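**Q** Just the structure for this:
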Amino acid sequence: MNYSLLDHNADFVVVNKGSSIEVHNPQHPDTQAGVSGDHGLLAQVARDLGLERVYPVHRLDRGTSGVMIMACHAAANRQLSMAFAARQVQKFYLAVSDSRPAKKQGLVAGDMEKARRGSWKLAQSRHNPAATQFFSKSLGGGKRLFLLKPCTGKTHQLRVMMKAIGAPILGDSRYGGSAADRMYLHAWQLQFPWQGQARGYAALPESGAWVGDVSLTEALAEWQEPMNLSWPKLPPGLVITSEGAGKEE
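**A** A predicted model of the protein is given here:
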């Protein structure tokens, strides 16, 4: 299954995206959902729910699984996109690495620079930085679980950040991760305001070795309410813009 349905109402759809599907049609990324021949996640959701199209409020890389919201109409798309741009949306990701990180928790911030062959790298400068707060715990067997809170939403931000601390994501061959059956990056929880109320969704991965993993369940026990954790503080003077709020991660 390429996705599981978490919620569907007149305004938006929330799914748990699988790790093996593109959000857009991989051949024609600008094709509107619902058009014949479009095999991306947007088109599948639209067809399954009988909708003319759905709007991608934010995006996940193909290898990234997890909670994703899509708008059902243009007005909802504008409202949700504004919430992302205003940084009113809280996103929490899980990642696994089999490398020892330079630090076990903290903040990683820096400008994103283009590298070779569509990759990105983290710079020392902070003119328009990507910023990510994180915690981590041992899973045993040389693996470590990371809880990531992106303060921005730039392309490949979390994958680049993990490489920058010396712990590339397991299965992320582009950024030096060890070979695995999938890329171990998952959008675990998503919280956002909607019509005066707080809405929140959470979903665990549905593919890969961490499905049913007791060590993962135990590690997550203290992280069930990530909004209430004492996150590493952003340094004074760090300016974070809304640019890239809906980009892929």
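
**Q** For stretch 82-102, buried residues please.
**A** By neighbour count on 16 or more other CB atoms under 10 Å, the buried set for stretch 82-102 is 83-85, 89, 91-99, 101. All C-beta atoms are positioned from the backbone trio N, CA, C, and that covers glycine.

**Q** Next: stretch 119-128.
**A** 120-122, 126.

**Q** before we move on, what about stretch 140-149?
**A** Of the residues in stretch 140-149, those scored as buried under the neighbour-count criterion (16+ other CB under 10 Å) are 143-149.

**Q** from the buried residues of stretch 82-102, which is closest to Ile240?
**A** Using CB to CB, Ala85 is the member of the buried residues of stretch 82-102 that lies nearest Ile240, at 12.0 Å.

**Q** so where is the protein shaky, pLDDT-wise?
**A** Filtered on pLDDT under 70, the chain yields the residue ranges 1, 26-38, 241-249.

**Q** In the chain, where's the longest helix?
**A** Across the chain, the longest stretch assigned as helix under DSSP state H is helix 74-85.

**Q** Which strands or helices does that helix pack on?
**A** For helix 74-85, the contact count by 3 or more CB pairs under 8 Å, 6 or more residues apart in numbering; DSSP states H and E identifies strand 55-56, strand 65-71, strand 185-194 as packing neighbours.

**Q** now it and strand 65-71, what's the angle there?
**A** Relative orientation of helix 74-85 and strand 65-71, computed by axes from the mean of the first three to the mean of the last three CA atoms, to 10 degrees: 130 degrees.

**Q** Grab the CA positions of helix 74-85 and hand them over as PDB.
**A** Once non-C-alpha atoms are left out, helix 74-85 reads as follows in PDB (Å, rounded to 0.1, in the frame of the first residue of the first chain):
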ATOM      1  CA  ALA A  74      -7.900  26.200  -3.300                       C
ATOM      2  CA  ALA A  75      -9.100  28.100  -0.300                       C
ATOM      3  CA  ALA A  76      -8.000  25.400   2.100                       C
ATOM      4  CA  ASN A  77      -4.700  25.200   0.300                       C
ATOM      5  CA  ARG A  78      -4.100  28.900   0.800                       C
ATOM      6  CA  GLN A  79      -5.000  28.800   4.500                       C
ATOM      7  CA  LEU A  80      -2.800  25.800   5.200                       C
ATOM      8  CA  SER A  81       0.000  27.200   3.200                       C
ATOM      9  CA  MET A  82      -0.100  30.400   5.100                       C
ATOM     10  CA  ALA A  83       0.100  28.400   8.400                       C
ATOM     11  CA  PHE A  84       3.300  26.700   7.100                       C
ATOM     12  CA  ALA A  85       4.700  30.000   6.000                       C
END
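
**Q** Tell me which helix or strand comes right after that helix.
**A** Using DSSP states H and E, the helix or strand that follows helix 74-85 in sequence is strand 90-97.

**Q** Now do the same contact list for the closest residue to Ala164 other than its chain neighbours.
**A** Taking CB to CB, 6 or more residues apart in numbering as the measure, Ala164 lies nearest to Leu122, with 4.4 Å between them; neighbours along the chain are not counted. Applying CB atoms under 8 Å, 6 or more residues apart in numbering, one finds that Leu122 lies in contact with 108, 110-113, 130, 160-161, 163-164.

**Q** partners of Leu122 in the sheet?
**A** Applying DSSP bridges to Leu122 gives these bridge partners: Met112.

**Q** what about it, distance to Ser173?
**A** Leu122 sits 18 Å away from Ser173, taking CB to CB, to the nearest Å as the criterion.

**Q** Show me where this protein has its strands.
**A** Listed from the start of the chain, the chain has strands (DSSP state E) covering 3-8, 12-17, 55-56, 65-71, 90-97, 106-110, 112-114, 120-122, 130-140, 143-150, 185-194, 197-202.
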